[in-house]
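Trainee: A structural model of the following input is requested.
(one chain, ligands or ions: 1)
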Amino acid sequence: MSDSALSHTRLLGSLFGLLQVASLLSLLLLLFKALQFYLQRQWLLKAFQQFPSPPSHWFFGHKVKNDQELQEILSRVEKFPSACPLWLWGSKARLVVYDPDYMKVILGRSDPKAHGTYKFVAPWIGYGLLLLNGQTWFQHRRMLTPAFHYDILKPYVGIMVDSIQVMLDQWEKLSIQDNSLEIFEHISLMTLDTIMKCAFGQQECIQVNRKSKAYIQAIRDLNNLVFARMRNVFHQNDVIYSLTSNGRTYHHACQLAHEHTDKVINQRKAQLQDEGELEKVKMKRRLDFLDILLFAKMEDGSSLSDKDLRAEVDTFMFEGHDTTASGISWILYTLATHPEHQQKCREEVQSLLGNGASVTWEILDKMAYTTMCVKEALRLYTPVPLVSRELSKPVTFPDGRSLPKGVIVTLSFYSLHHNPKVWPNPEVFDPFRFAPDSSRHSHSFLPFSGGSRNCIGKQFAMNEMKVAVALTLLRFELLPDPTRVPILIPRLVLKSKNGIHLRLRKLS
Ligand code: HEM
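Mentor: Numbering: from 1, shown residues only. Here you go, the predicted model:
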């Protein structure tokens, strides 16, 4: 045999050897993964033995039809009291709870955010207040709480009024009697404009800016992509996910979102290079949000890294506008579908504001009926439908059922708010549930969650929602569009698959 034929045979031999090793390793990996799957499944089955649930497939878990998640969960609320396991696939499940006593137990503890769920949000908003845990969370919460002090929030009411009027001016130009308008995008731009001015000291109005629209669209994509990834067994691994088209879209949307927040940080940093501006900030009795972050860094370089600063800005930019956009859009939709309550709110607002020239903090406090309607809309259309925790120690609920450490518990605020044992006739819009003399369980109404990790922006959000409702009702009569009824989809924030369409009739 010639030399070249010999080396050919040797090459083929070693290739064959390599292939054999690779196949053996793949087989071992597969066996290991199968064993992991089996053990995890057995552990979960044991953990949930006291909690019955509808039958599920051993591999695919509970099959939930696209866009039917909320109906699916609600169908369980009546059949399975207090809580029910949801199997995402054969080795991943969580206990979904919708009972006030269960909520009270979990929110009274300090379990961390469920890593397996929230890690998919981290490349986008980073580890800011929403995702942090333990001592670092505590330090950040203490540092940022002054940014939501009454003295800081009070002048924001004026900024909110201006942003909302810009939006309503546009609506006036756009609304042709019988054509309906998709309001969610408009409201998102308005709430983004408001948070940029209030928390990040921006001067210009961004509601007509194309770049801001790109940010809003990126947030919409990120909401959808994160939700889809959480439910896809094949998209859990970062490397595999980055090779998929969803993974690439996610990466691109994150880049867009980061460009937006980087611009805000860099602009403010540049302004603070100017000594006059620096002096002005130092003279302020209370610093606003971005100043607190920048100064925490300036005074103690080690306390807030650039990465931490970016994470907080990304977190507040998202939380500060998408949640309130959802809240305001659904409230307006609810009022459009309940004209008698809409009219009562309008009369209350007219009696307090006349022509709407001077909305103040004090007046917002006097809008009793409107506030009841806002709360009832938050109950029916809960902007943050659910949150999740990972048990750091075992728990026993008041009915004696228990769970071991490590289980993921999902607090479904949406299901709590639609639980007929807690709210009789839950689908009926009845603002008198929130009448001042009404009584209810301390944990039956939780749009802003509860306990130490409740929403830091609650007061800001309530003000913005009330200002938006008041000013809108002074200028428009709201009517639903029966041809485009919203299809509710739970994402990080409650959205509608086909948008939220309203008919607007200008009031004379
Ligand atoms: C209608 C509007 C809003 C609703 C329904 C809402 C709801 C919530 C809920 C349910 C949580 C708990 C999340 C969890 O436990 O995982 C939360 C946390 C949070 N919210 Fe809001 N939110 C709203 C508006 C805002 C606004 C306007 C801001 C900022 C200006 C904000 C900033 C935050 C932050 C930073 C957290 C994390 C707090 C922590 O863990 O310490 N939210 N929000």
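Trainee: helix/strand/coil for residue 410?
Mentor: What DSSP: H, G, I helix; E, B strand; the rest coil gives for residue 410 is strand.
Trainee: burial measure for it, as a count.
Mentor: By the measure other CB atoms under 10 Å, the count of residues near residue 410 is 23. C-betas here are computed from N, CA, C, even on glycine.
Trainee: wait, doesn't it sit right on residue 84?
Mentor: No - using CB atoms under 8 Å as the test, residue 410 is too far from residue 84 to be in contact (10.2 Å).
Trainee: Can you check which residues contact both of these two?
Mentor: The contact sets of residue 410 and residue 84 overlap at 95-96 (CB atoms under 8 Å, 6 or more residues apart in numbering).
Trainee: Low-confidence bits of the stretch 401-508 of the chain, can you list those?
Mentor: Applying pLDDT under 70 to the stretch 401-508 of the chain flags no residue at all.
Trainee: residues from it in reach of the ligand?
Mentor: 447-449, 453, 455-457, 460-461 (CB under 6 Å from any ligand atom).
Trainee: For those, work out which two are farthest apart.
Mentor: Pairwise distances across these (CB to CB) peak at 16.8 Å, for the pair 453 and 460.
Trainee: which residues sit in contact with residue 246?
Mentor: 225, 228-229, 235.
Trainee: among the residues you listed, which are in helices?
Mentor: 225, 228-229 (DSSP state H).
Trainee: TSV for those, including pLDDT and neighbour count?
Mentor: Shown next, in TSV, are the ones in helices among the contacts of residue 246 (pLDDT from 0 to 100; neighbours: other CB atoms under 10 Å):
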residue	pLDDT	neighbour count
225	96	22
228	92	14
229	94	19
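Trainee: now those residues in a markdown table, with distance to the ligand?
Mentor: Formatted as a markdown table, the ones in helices among the contacts of residue 246 follow (distance: CB to the nearest ligand atom, whole Å):
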| residue | distance to the ligand |
| --- | --- |
| 225 | 19 |
| 228 | 19 |
| 229 | 17 |
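Trainee: now the strands for the stretch 251-400 of the chain?
Mentor: Assigned by DSSP state E, counting those that start in this stretch, the stretch 251-400 of the chain shows strands spanning 386-390, 395-396.
Trainee: Average pLDDT for the longest one, rounded please.
Mentor: For strand 386-390, mean pLDDT is 97.
Trainee: report the angle between the axes of that strand and strand 408-412?
Mentor: 160 degrees (axes from the mean of the first three to the mean of the last three CA atoms, to 10 degrees).
Trainee: export strand 386-390 as PDB, just CAs?
Mentor: Output of strand 386-390 as PDB, limited to C-alpha atoms (Å, rounded to 0.1, in the frame of the first residue of the first chain):
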ATOM      1  CA  LEU A 386     -48.600  37.900  38.200                       C
ATOM      2  CA  VAL A 387     -45.300  37.800  40.000                       C
ATOM      3  CA  SER A 388     -43.200  34.800  41.100                       C
ATOM      4  CA  ARG A 389     -41.100  33.900  44.100                       C
ATOM      5  CA  GLU A 390     -38.800  30.900  44.800                       C
END
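Trainee: Whichever residue of the chain sits closest to the ligand: neighbouring residues, count only.
Mentor: Closest approach between the chain and the ligand, counting by CB to the nearest ligand atom: residue 457, at 2.3 Å. Residue 457: 21 surrounding residues under other CB under 10 Å.
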